[in-house]
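Asks: fold the following for me, if possible:
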Amino acid sequence: MGPTKEPAAGPRKNYFCLQALRALAAALVVVHHSISMWSQWLMHRTGGPRWTNGAAGVDIFFVISGFVMAISVPGLAGKPNRAGVFLRRRFTRIVPLYWAAITLRVVQLKLRPTTALNSILTPWRVIASYLFIPARNGNGEMFPIVVVGWTLNYEVFFYLLFAAALSLNISAISFLTPVLTAFAIIGTLRPATWPDFTALASTIVIEFLFGVILAELATRRKLPGRTLGALLLAGGFLVLMLIPEAHAPWGFLAWGLPAAAVVTGAVALEEWVGARLPKWLLEAGDASYALYLSHTFILPYLINALARMSMTGAPALALAIVVGLAISFPAAIVVHRYVELPLLKALKNKGERGADSSVPLATAIESPQ
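Replies: The predicted model follows:
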């Protein structure tokens with residue numbers, strides 16, 4: 001149960017366990033939205049579903065993102081304008097597919113507004129969605145046109161802060177610890193009358209910091225051993241599945257800390273488990289971002305189909321979850337192979353092609369709910 005010992009110097013290049021964990025986190029989000037749509041659309045429950053723990057996939061994603069960004073810093077060594085290179089890579093990774101999803105959603109809502117719980121489109125809401133700026137929908141909720149994009153607002157905010165650390169030539173952990181802590185404190189004090197964009201000041205940003213701290217431990221070879229890593233992974237996941245969701249400002253403790261335990265366990269087990277993971281699971285991890293965005297287009301049609309069959313109750317819930325996963329994952333792989341990858345290939349700077357080629361480091365998601 002002592003620190004993990006690795007023969008090679010420097011951080012590991014590939015983290016296949018995180019790749020698999022992204023697939024699991026994305027599946028949790030799909031389950032969460034399947035249950036939520038079943039509850040609201042078929043059962044007409046205004047209070048929402050009783051079990052919302054699938055949303056904890058977002059917390060796992062945030063910790064992974066903080067880890068991946070911090071652990072990949074050595075890959076920028078010696079490059080001029082490190083902050084610019086970092087932002088170009090990150091924006092190339094997430095923006096094209098997200099903007100395509102927003103555009104498709106706008107067209108969809110114009111043609112078939114019944115495919116969303118809230119189909120109100122305003123010019124500012126559309127613009128804010130494209131620019132990753134929090135803005136309220138018609139129900140007063142802080143959701144962009146593509147609902148899951150609320151997490152990407154935080155991701156981009158984190159990227160900008162991370163780029164600031166690179167620009168100032170300050171280590172990520174030294175810069176982000178006080179800055180993210182300050183934003184978290186401001187978030188606990190923020191009155192409802194403040195502008196919508198100040199919602200970025202939230203305790204949830206601490207979850208990125210958990211990932212940055214984990215990257216520091218991994219770089220210093222201070223990870224848990226195999227036994228403790230397995231306990232952290234299993235125990236953290238069990239807590240996430242059993243502990244009810246804690247709303248702001250305590251979510252970063254109720255779900256953030258267990259999510260950090262899960263990611264820590266996955267990183268600690270990489271040496272023993274990573275190379276044994278099946279290729280299909282790693283491909284599902286590759287497609288996790290595509291799944292995160294695309295499943296929100298698929299599930300409404302599935303739920304509407306169940307409604308037309310007059311299905312409700314437990315049978316409809318089971319079908320919503322099982323069929324939702326069965327359709328969403330293959331669809332996401334298709335989107336990943338034939339939309340996302342061609343977009344990335346077309347936009348990637350030829351001079352950067354070799355530096356950002358590691359799938360586990362290059363495709364960390366960037367959020368989810």
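Asks: please state the offset of stretch 127-139 from the chain centre?
Replies: With C-alpha atoms, centre = their mean, to the nearest Å as the basis, stretch 127-139 stands 18 Å off its chain's centre.
Asks: for that stretch, what is the average pLDDT?
Replies: For stretch 127-139, mean pLDDT rounds to 91.
Asks: buried ones in that stretch?
Replies: Neighbour-count burial for stretch 127-139 flags 128-130, 132-135, 137 (criterion: 16 or more other C-beta atoms under 10 Å). Heads up, the C-betas are built off the backbone N, CA and C, glycines and all.
Asks: go on, stretch 90-110?
Replies: Applying 16+ other C-beta under 10 Å to stretch 90-110 flags 90, 92-98, 100-102, 105-106, 108-109 as buried.
Asks: next: stretch 49-57.
Replies: For stretch 49-57, the neighbour count (16+ other C-beta under 10 Å) marks 49, 53-57 as buried.
Asks: quick check, nearest of those residues to Phe252?
Replies: Of all those, Ala56 has the smallest distance to Phe252: 11.9 Å, by C-beta to C-beta.
Asks: before we move on, the earlier item: let me have the buried residues of stretch 127-139 in TSV, extended by distance to Asn81 and secondary structure.
Replies: Shown next, in TSV, are the buried residues of stretch 127-139 (distance: C-beta to C-beta, whole Å; DSSP: H, G, I helix; E, B strand; the rest coil):
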residue	distance to Asn81	secondary structure
Ala128	28	helix
Ser129	29	helix
Tyr130	25	helix
Phe132	22	coil
Ile133	25	coil
Pro134	29	coil
Ala135	31	coil
Asn137	37	coil
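Asks: now these as JSON lines including distance to Ser65?
Replies: Output for the buried residues of stretch 127-139, formatted as JSON lines (distance: C-beta to C-beta, whole Å):
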{"residue": "Ala128", "distance to Ser65": "22"}
{"residue": "Ser129", "distance to Ser65": "20"}
{"residue": "Tyr130", "distance to Ser65": "21"}
{"residue": "Phe132", "distance to Ser65": "14"}
{"residue": "Ile133", "distance to Ser65": "19"}
{"residue": "Pro134", "distance to Ser65": "18"}
{"residue": "Ala135", "distance to Ser65": "22"}
{"residue": "Asn137", "distance to Ser65": "25"}
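Asks: what's the closest of those residues to Gly251?
Replies: Of all the buried residues of stretch 127-139, Gly251 sits closest to Pro134, with 16.4 Å by C-beta to C-beta.
Asks: wait, isn't the closest one in contact with Thr151?
Replies: No: between Pro134 and Thr151 there is no contact under C-beta atoms under 8 Å: 11.2 Å.
Asks: so what sits against both of those two?
Replies: Overlap of the contact sets of Pro134 and Thr151 (by C-beta atoms under 8 Å, 6 or more residues apart in numbering) is empty.
Asks: which regions of the chain sit below the pLDDT cut-off?
Replies: Residues of the chain meeting the criterion pLDDT under 70: 1-13, 114-119, 349-369.
Asks: longest single helix anywhere in it?
Replies: helix 82-111 (DSSP state H).
Asks: elements contacting that one?
Replies: Where contact means 3 or more C-beta pairs under 8 Å, 6 or more residues apart in numbering; DSSP states H and E, helix 82-111 is packed against helix 123-130, helix 149-167, helix 288-308, helix 341-347.
Asks: repeat that with 6 Å
Replies: When contacts are defined as 3 or more C-beta pairs under 6 Å, 6 or more residues apart in numbering; DSSP states H and E, helix 82-111 sits against helix 149-167.
Asks: now the helix it packs on: how far from the chain's centre is it?
Replies: So, by C-alpha atoms, centre = their mean, the centroid of helix 149-167 is 13 Å from its chain's centroid.
Asks: work out for me the element Phe21 sits within.
Replies: No, residue 21 isn't Phe; it's Leu. Assigned by DSSP states H and E, Leu21 falls within helix 16-37.
Asks: okay, that helix in PDB with CA atoms only?
Replies: Below are the C-alpha coordinates for helix 16-37, written out as PDB (Å, rounded to 0.1, in the frame of the first residue of the first chain):
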ATOM      1  CA  PHE A  16      -5.900   3.900 -20.300                       C
ATOM      2  CA  CYS A  17      -7.800   3.500 -17.000                       C
ATOM      3  CA  LEU A  18      -8.900   7.100 -17.400                       C
ATOM      4  CA  GLN A  19     -10.000   6.400 -20.900                       C
ATOM      5  CA  ALA A  20     -12.200   3.600 -19.600                       C
ATOM      6  CA  LEU A  21     -13.400   5.800 -16.700                       C
ATOM      7  CA  ARG A  22     -14.500   8.400 -19.200                       C
ATOM      8  CA  ALA A  23     -16.700   5.800 -20.900                       C
ATOM      9  CA  LEU A  24     -18.200   4.900 -17.500                       C
ATOM     10  CA  ALA A  25     -18.800   8.500 -16.600                       C
ATOM     11  CA  ALA A  26     -20.500   9.200 -19.900                       C
ATOM     12  CA  ALA A  27     -22.700   6.200 -19.400                       C
ATOM     13  CA  LEU A  28     -23.700   7.500 -16.000                       C
ATOM     14  CA  VAL A  29     -24.700  10.800 -17.600                       C
ATOM     15  CA  VAL A  30     -26.800   9.000 -20.200                       C
ATOM     16  CA  VAL A  31     -28.500   7.000 -17.500                       C
ATOM     17  CA  HIS A  32     -29.200  10.200 -15.500                       C
ATOM     18  CA  HIS A  33     -30.800  11.900 -18.500                       C
ATOM     19  CA  SER A  34     -32.800   8.800 -19.300                       C
ATOM     20  CA  ILE A  35     -34.200   8.800 -15.800                       C
ATOM     21  CA  SER A  36     -34.800  12.500 -15.800                       C
ATOM     22  CA  MET A  37     -36.700  12.500 -19.100                       C
END
